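Student: Return a 3D structure for these sequence lines:
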Amino acid sequence: MTSSPRPSWSERSVVRDGVRLLCRDWGGSGPDVLLLHGLAGHAGEWDATARLLRDSGHRVVALDQRGHGGSERHPGDVSRAAYVADAVAVVGQLGLERPVLVGQSLGGSTALLTAAAHPGLPRALVLVEAGPGGAGPGVQEQIGSWLRAWPVPFPSREAAVAYLGGGTEPVGDGWARGLEERADGLWPRFDPDVMVRSLDADATRAVWDAWAALDCPTLTVLGQGERGGIIGGDEYAEMVRLRPALRGASLPGTGHDLHLERPGVLHRLIVGFLRDVL
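Tutor: Predicted coordinates for the structure are as follows:
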């Protein structure tokens, strides 16, 4: 009988204020990296990037944020402060030393606010499709309606990839890998109502003061294509005005989930940035 190959990461558990958080610990040595996914996402979105970062000389951990993936599904507190405190707890309990915080979308917001509230914690910051500007009006209704409209359970992985990718297979595959297999099909590992609560008034407000106060080297990576990204030209220009040393890059032909579309390119950008600033 042939045994299944062991995963390249180990599962680690962190508990903060009674909330259990699961992490994928990829191991490795060198400057530590903590990866934070976006709303309704999961730590596995970062698998390709995490493997590349580990193999290029980093110790890498990816977190299932509260309410997501294998972490506590129905936490009472889904405020920005709770997400930040979770990131700090993971750093402390897993022994990460001044990690590079890398976050996409909601995870980028968590990374930004963690760096602002704890200036001695990160050695650098990488924001993927994330910035300090507030979300547009109606974002809760828009995202809530989208999540509740998913035709779950998905009857197969192929059906999930086709629906969730919107015609872009790497994106669909990344989202589908976060689904839970049950007897009747594949289900999300989150509650849409919890996701909407994560986008309350506090979570959608602008945080320009926090952005201006950051003192660690920062890279921002934006999507640029027909699907577009969420950071407009005016917001990016203001980010640069407030922090002229900001390093920026955009990836033509990508959208909001560029970390799924171009993990190799994102890895090269991160490694090049860190080589210059660490």
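
Student: ok, so what distance separates the residue lying closest to E97 once chain neighbours are set aside from Q104?
Tutor: Nearest residue to E97, sequence neighbours excluded (Cβ to Cβ, 6 or more residues apart in numbering): D32, at 5.6 Å. Heads up, the C-betas are built off the backbone N, CA and C, glycines and all. In this view, D32 and Q104 are 18 Å apart by Cβ to Cβ, to the nearest Å.

Student: So for those two, which sits in the more crowded spot?
Tutor: Shown here are D32 and Q104; by other Cβ atoms under 10 Å, Q104 has more neighbours (29 against 21).

Student: how about the more buried one, phi and psi?
Tutor: For Q104, the backbone dihedrals (degrees, to the nearest 10) come out as phi -110, psi 130.

Student: Which strand residues bridge it?
Tutor: V128 (DSSP bridges).

Student: any idea where the strands of the stretch 101-250 of the chain begin and end?
Tutor: Assigned strands in the stretch 101-250 of the chain, in chain order: 124-128, 180-182, 185-187, 218-224, 247-252 (criterion: DSSP state E, counting those that start in this stretch).

Student: Turn those into TSV, including mean pLDDT and mean neighbour count.
Tutor: Formatted as TSV, those follow (pLDDT from 0 to 100; neighbours: other Cβ atoms under 10 Å):
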stretch	mean pLDDT	mean neighbour count
strand 124-128	98	26
strand 180-182	98	11
strand 185-187	98	17
strand 218-224	96	23
strand 247-252	96	15
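
Student: show me what contacts the closest residue to A245 other than its chain neighbours?
Tutor: Of all residues not flanking A245 in the chain, P217 sits nearest, at 7.4 Å (Cβ to Cβ, 6+ apart). For P217, the contacting residues are 123-125, 245, 247, 273, 277-278, by Cβ atoms under 8 Å, 6 or more residues apart in numbering.

Student: do you know which of the strands of the stretch 101-250 of the chain lies nearest G136?
Tutor: Among the strands of the stretch 101-250 of the chain, the nearest to G136 by Cβ to Cβ is strand 218-224 (16.6 Å).

Student: hmm, back to that, is the residue nearest to E97 bridged to anything, and to what?
Tutor: Here D32, judged by DSSP bridges, has bridge partners R59.
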